[in-house]
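Novice: Fold the following and give me the result.
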Amino acid sequence: MLGPILRRAEEKQVCIWLAFDRSVTVKAEIFRFEELNVTNNKSGEQWQKFPIGSGIAKTLRIGDHLHVVLVIARPVGSHTSETYKAINFPTDELLAYDIEVIDDNEPKSRGKTLADLGLLGGKNSIVYDRQNNGKRDPMLPTFFLRGKSTPLNFLHGSCRKLHGKGEDCLAAADKVISSSLTDLDKRPSALFLTGDQIYADDVAGPLSNYLTDLGNKLLGWDEQFPGIGEKISEMHMGERQMLVRECAGFTSSASSNHLLSFGEFAAMYLLAWNVENWPERFPDITTVTNGNKKKYHEQIEQLENTRRDLPAVRRVLANIPTYMIFDDHEITDDWNITREWNENVRASKCGKQVVTNGLAAYWVFQGWGNNPASFNDEFVATISDFFANNGNASDAERSAFEDHLWSFKGWTYGAPTNPLTIIADCRTLRHYDSYNGAPQLLSNEGLLSILQTAKEANYQKGDPIIIVLPTPVFGFLLLEALQKAAAKVTGVYKLDLETWYANETGLVNLLSFLVQTFEPRHCIFLSGDVHYGFTISAVFALLQKNDGAVKSLCMNITQLNSSALKTTSLVKIAFVSEIMGRIRQLFPWKQVVRIGWINGGSDRLLSKSLRVKSIPTLHLQIRPRKKENNLMPQEPPDWVEARSIVKASGSAIPFLLISDNNIGLVTIDKDINRIIQRFLVRKATKKEIKIHQTLVEMNHGENRLEGLVRAKIFEFTQKSPVDADLTEGSMRYRSETP
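Specialist: Got it, this is the predicted structure:
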């Protein structure tokens, strides 16, 4: 039904996720690619395979015809003998894997390998064929674990709507892997999907009834919802907009076919990553009104484009360790956008049930494979036991299940990269300053979850760090300022006002926390969400004042943003790239410098080791204080920020923003001195990939952004230069032809 999808992969374990329509037992074996040998005998071509790791697991029953498994392969001997506990999978070496599937109803029958399942050749192939001196190399899905001898190459992207316009840029990763199959200096070692892997609210009409039917088949029962009198199987296309608004409290403006049941959520994931789960043809809806017929047929056209690319998408997911996090559309647009939204939906039995379904589906299809250690046996049993009721759970059992998922705070996790990558939950760990205003995207609890993840990964203070936050921390200020101003008229829901810039208390809380707790030599933010790609370099300084002396902690920052994988429009491309991006290029200033004061005393983050004594809620005054009698203010600011957007090469006139569908390919050299982000854009007409590239380099001289920060601090002190504890290494920025 789905998979294999390669998930968390590190020296101690390799995790492979699959879904089946029946109960099976899955065995996985890991091999050194160079040790795979092909032999020929009377029965045909066979492989001699010597596994260096293995694992076996039974599927978890979620429904009558939905059984999922996360099989964890460990180095041979590491879990059976004290002698071999130190054995690890090799790094910087190409590895391969195979699986064997045994039907639990026929345990004595021969298991089926990937070859038996038809996945090593033909239209459903998940492997990359390579000719070596005229001989065909053994074909199995491959990957590698990055060590210290290769650069860090990874892919990242977000926002993939099946009927979204434009080319599916997740499929662009297929060519990246194919072209660098055995060249580990170029091949990406990880894929980060940073949100909106599915759209639960904006569902294509041609898929709506099929998703319902498939969902009911998967579970074996028709889920009922309080406040909704009819069965979801009896609903027609386009009838759910008012229903979810009135019964569930949702605010999405595109929810006429909103997913409701767990089965529908599961069906959407099955379609998102495997073409074999799609309907053979879409229904010819003769009853569609004239006003909607054009839209319906446009959606079919885009869905067919997605169908065409899905074999490549499936191959990508089988050949690269993949790490995922939710944003809002995995559940519904505006999910937890305000305290008002959260309280209204939680008070609605229908809304609470739908959100729970989305969270449960996220765990099954995404969350489980990110870091299996995050979910103990009790958590897994809670999921499986609830669905074992086949829809017959009592009100008390359903309420307990919903409360368990709503209150779960373990979605933040670390990915085994070097530098360490922390993927943070910015949806369920928010703080609300007001009832219906823009939220702080990370509460104190959310910040502490980042700290705990770093401690578990043995992060060393001062090391560089990568942090995945679905919404860019440093966004395109011109657009964000317009959005914030317009929201005063339209409200937060209309324009999705949940940027970091929209609530600067939360922004400064995050940056202050990072610079004091980790003091990273370089902090790299990895994001998506906004449907355009860009690179921003920044410096953030936090001033500490004590008995008239001023000391600053300073952090170099690179913001990498790539989005959307598939959901664009010509209007958006024209507005974002050709209007807003060009307007910004006309400004005489190239950098933005901002200062702010924190009201409420000197209570600060204290962290000489990775421990935090207090995380205050900050109240900010962003505007500089007025001069009196032409004198500078007596009190220096509490923080200073400077940022600069990096121009992208790849066009005659360099772009600041890439608004075509894109996926980011990032290269960070071994010494963390160069960061290259390539935006890969698929062009349907020319059948090629267009590359836009940005480059950030580190050097050991003071860069202009640090200079601006120092100058601004000195401007307010009028004394000897501030003792600025600036991080090692500075940055210079330029675009470079790829």
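Novice: all contacts plus neighbour counts: C-alpha atoms, from now on.
Specialist: Will do.
Novice: In the stretch 451-600 of the chain, where is pLDDT below threshold?
Specialist: Scanning the stretch 451-600 of the chain for pLDDT under 70 picks out 548, 569-590, 599-600.
Novice: Going along the chain, name the helices of it.
Specialist: 477-490, 504-517, 570-573, 581-586 (DSSP state H, counting those that start in this stretch).
Novice: Which residue lies nearest the spatial centre of the chain?
Specialist: Nearest to the centroid of the C-alpha atoms of the chain, with distances taken as Cα atoms, centre = their mean, sits residue 194, at 1.4 Å.
Novice: how about the helices of the stretch 451-600 of the chain in TSV, adding distance to residue 10?
Specialist: As requested, the helices of the stretch 451-600 of the chain are exported to TSV (distance: least, Cα to Cα, whole Å):
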stretch	distance to residue 10
helix 477-490	38
helix 504-517	26
helix 570-573	39
helix 581-586	40
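Novice: Kindly compare burial across those and name the winner.
Specialist: Of all the helices of the stretch 451-600 of the chain, helix 504-517 has the most neighbours on average by mean count of other Cα atoms under 10 Å, namely a mean of 22.
Novice: Put the alpha carbons of that one into CSV.
Specialist: In CSV, the C-alpha atoms belonging to helix 504-517 read as follows (Å, rounded to 0.1, in the frame of the first residue of the first chain):
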residue,chain,number,x,y,z
GLU,A,504,8.1,40.2,18.3
THR,A,505,7.9,39.2,21.9
GLY,A,506,8.0,35.6,20.8
LEU,A,507,10.7,36.4,18.3
VAL,A,508,13.1,38.0,20.8
ASN,A,509,12.3,35.3,23.4
LEU,A,510,13.5,32.7,20.9
LEU,A,511,16.6,34.5,19.9
SER,A,512,17.5,35.5,23.4
PHE,A,513,17.0,31.9,24.6
LEU,A,514,19.3,30.5,21.8
VAL,A,515,22.1,33.0,22.2
GLN,A,516,22.2,32.7,26.0
THR,A,517,21.6,28.9,26.3
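Novice: Now do it: which elements does it pack against?
Specialist: On a contact count with 3 or more Cα pairs under 8 Å, 6 or more residues apart in numbering; DSSP states H and E, helix 504-517 meets strand 534-546, strand 549-561, strand 619-621.
Novice: With distance to residue 20 added, can I get those in CSV?
Specialist: Formatted as CSV, the helices and strands packed on helix 504-517 follow (distance: least, Cα to Cα, whole Å):
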stretch, distance to residue 20
strand 534-546, 39
strand 549-561, 35
strand 619-621, 52
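Novice: now for these, which one comes closest to residue 182?
Specialist: Checking the helices and strands packed on helix 504-517 against residue 182 by Cα to Cα gives strand 549-561 as the closest, at 26.5 Å.
Novice: helices or strands next to the closest one in the packing?
Specialist: helix 504-517, strand 523-527, strand 534-546, strand 723-725.
Novice: one step back: tell me the pLDDT at the residue nearest to the centre of the chain?
Specialist: Reported pLDDT at residue 194 in the predicted model: 98.
Novice: cool, and residue 698?
Specialist: Per-residue pLDDT puts residue 698 at 72.
Novice: How much space separates the residue nearest to the centre of the chain from residue 505?
Specialist: Distance of residue 194 to residue 505, given as Cα to Cα, to the nearest Å: 23 Å.
Novice: mind listing the strands for the stretch 1-150 of the chain?
Specialist: 2-9, 14-20, 24-32, 37-41, 44-48, 53-58, 60-63, 66-75, 94-103, 112-113, 131-132, 135-136, 142-144 (DSSP state E, counting those that start in this stretch).
Novice: Which positions in the helix or strand just after the last one come out as buried?
Specialist: For strand 142-144, the following helix or strand on the C-terminal side (DSSP states H and E) is strand 152-157. Buried residues in strand 152-157, counted by 16 or more other Cα atoms under 10 Å: 152-157.
Novice: average pLDDT for strand 152-157?
Specialist: What strand 152-157 shows for mean pLDDT is 98.
Novice: okay, the angle between it and strand 549-561?
Specialist: 70 degrees (axes from the mean of the first three to the mean of the last three Cα atoms, to 10 degrees).
Novice: any idea of the angle the next helix or strand after strand 152-157 forms with strand 152-157?
Specialist: Remark: after strand 152-157, the chain's next helix or strand is helix 172-179, criterion DSSP H and E. Angle between the axes of helix 172-179 and strand 152-157 is 160 degrees (criterion: the same axes, to 10 degrees).
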